[in-house]
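Chemist: Provided below for reference: sequence and predicted model.
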Amino acid sequence: MNSNRIALLTYSTKPRGGVAHTLSLAESLAELNQDVHVYALATGREFFRQVDVPYTLIECPEIKYSSMDEKIKGYIGIYTDYLQSVTSEYEIFHAEDCISANALLNLRDMGLINYYVRTIHHIDDFTSKSLIECQLKSIIEPDYVITVSKFWKRELSEKYSLSPIVINNGVSIKNLVNSDDTHTKENAKKSFNVNGAKVILSIGGIEPRKNTITTLRAFNIVRLALKTKGEKLVWLIGGGETLFDYMEYRDEFFSEVENLGLELDKDIFVLGNVPESKMQSLYNSADVFVFPSIKEGWGLVVQEAMAAGVPVIASGIEPMTEYLVDEENSLLISPMDYDEMAQKIIMVFDNLGLRSKLIENGRSTANIYSWENAARKHIDFYNEILKEKGVSIEDKRAVGDD
């Protein structure tokens, strides 16, 4: 397989879905003999996990911006300024978010690159003027667009008259062992100080798109039901660091926690970023994975939970219904219906046959999606671009010989 020189760009080093996608794709491309380099904005911190490809962290000074608009403008400017020095080093520039895509747009407008690729995972409902503009430009301006599901291909076609190609996400099966035996699960629970309890797990933090408050209400219903039987239920919330501020929603969440008489670090554990080395234990600690998002690009963590042998309850929304089937490999719910969510959680706890079926079929589903397969499809797409642009193998060899 011919080697291409590829720059993959992401906006952060934090454990967000787009960042995780960038790193896993980069590593899989490298395993297929591609010369790939990752670029990311950083604020004095390394990536959330070990990265097995060359990368550059573009330092963002800790500036107290006057507004979100100023912050986004500043980040795009920092990214643009740095990338000007590396434009001759790559044949493919590929952005995974709106900030890096706007930086590449600037480079193209300056005549420093001729084209670039953008992966659109989903479209956010921003309120900040700068973020709305940043996102819109990152959708309509790129020369080539990839999206991760049929649903988002249809959305981009209908709303923006785009014709993106679809390349589904992968899941790192090798890092997630299906360990549902009692001994492994109890040891994992002990490592998070929740041993002896039934555990609900959510990943994605506390924010509107993740529908965290609805899960809170369902959790409380199930908690009270189990309490009458002398059983304890806890909720682990992992991840969720983001560039954008959902403070109002977080305040509402914590206010409701207090109003329900729940206690943090007793009933609900807000873990924040969990080190990659502990993610296997986090999944193993869970008796059920709950993911009632109201909008998703694909749902990487859903497939990770399935790969790790955790039964999944998720929103019955596209694009997740492209790989989730109700009562086969998951239980699907209406996102805002916390009573239904509570009933489905109780079903997973009470019906051992259903639980085993969801675990077995979930693991089989996760096995279908590999990063190697996703990387091969990216390489094919890159080669089509280079062929269209008239970049031959001989051209690439000549550059390499300079």
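Modeler: Structure received.
Chemist: Now do the strands in the stretch 151-300 of the chain.
Modeler: Using DSSP state E, counting those that start in this stretch, the strands of the stretch 151-300 of the chain run over residues 165-166, 198-203, 233-238, 268-272, 288-291.
Chemist: Any chance of those in a markdown table with distance to residue 101 as columns?
Modeler: C-betas here are computed from N, CA, C, even on glycine. As requested, the strands of the stretch 151-300 of the chain are exported to a markdown table (distance: least, CB to CB, whole Å):
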| stretch | distance to residue 101 |
| --- | --- |
| strand 165-166 | 16 |
| strand 198-203 | 25 |
| strand 233-238 | 28 |
| strand 268-272 | 28 |
| strand 288-291 | 27 |
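Chemist: With distance to residue 56 and mean neighbour count as extra columns, can I get those strands in a markdown table?
Modeler: Formatted as a markdown table, the entries for those read as follows, by distance: least, CB to CB, whole Å; neighbours: other CB atoms under 10 Å:
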| stretch | distance to residue 56 | mean neighbour count |
| --- | --- | --- |
| strand 165-166 | 27 | 15 |
| strand 198-203 | 28 | 25 |
| strand 233-238 | 28 | 22 |
| strand 268-272 | 26 | 17 |
| strand 288-291 | 33 | 26 |
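Chemist: and these as JSON lines, adding mean pLDDT and distance to residue 61?
Modeler: As requested, these are exported to JSON lines (pLDDT from 0 to 100; distance: least, CB to CB, whole Å):
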{"stretch": "strand 165-166", "mean pLDDT": "98", "distance to residue 61": "37"}
{"stretch": "strand 198-203", "mean pLDDT": "97", "distance to residue 61": "30"}
{"stretch": "strand 233-238", "mean pLDDT": "97", "distance to residue 61": "29"}
{"stretch": "strand 268-272", "mean pLDDT": "95", "distance to residue 61": "23"}
{"stretch": "strand 288-291", "mean pLDDT": "98", "distance to residue 61": "36"}
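Chemist: closest to residue 157 out of these?
Modeler: strand 165-166 (11.1 Å; CB to CB).
Chemist: Just checking: what are the partner strands of the closest one?
Modeler: Its sheet considered, strand 165-166 pairs with strand 144-147 (parallel) by DSSP bridges.
Chemist: Break this structure down into its structural domains.
Modeler: 5-170+370-401, 173-368 (automatic domain parsing).
Chemist: If we ignore the residues flanking it in sequence, what's nearest residue 262?
Modeler: residue 268 (5.9 Å; CB to CB, 6 or more residues apart in numbering).
Chemist: Would you confirm that that neighbour contacts residue 257?
Modeler: Yes. In this structure, residue 268 is within contact of residue 257 by CB atoms under 8 Å, at 6.3 Å.
Chemist: Residues that sit against both of the two, list them.
Modeler: residue 216 (CB atoms under 8 Å, 6 or more residues apart in numbering).
Chemist: doesn't residue 317 make contact with residue 298?
Modeler: No. The pair residue 298 / residue 317 is not scored as a contact, 11.7 Å apart, by CB under 8 Å.
Chemist: the more surrounded of the two?
Modeler: Higher neighbour count among residue 298 and residue 317: residue 298, with 24 against 19, using other CB atoms under 10 Å.
Chemist: so what's residue 151 up against?
Modeler: Residue 151 touches 318, 319, 322, counting by CB under 8 Å, 6+ apart.
Chemist: Mind checking which of the residues you listed are buried?
Modeler: residue 319 (16 or more other CB atoms under 10 Å).
Chemist: Residue 63: which of the contacts of residue 151 is nearest?
Modeler: For those, the closest approach to residue 63 (CB to CB) belongs to residue 319, at 36.7 Å.
Chemist: This completes my enquiry, with thanks.
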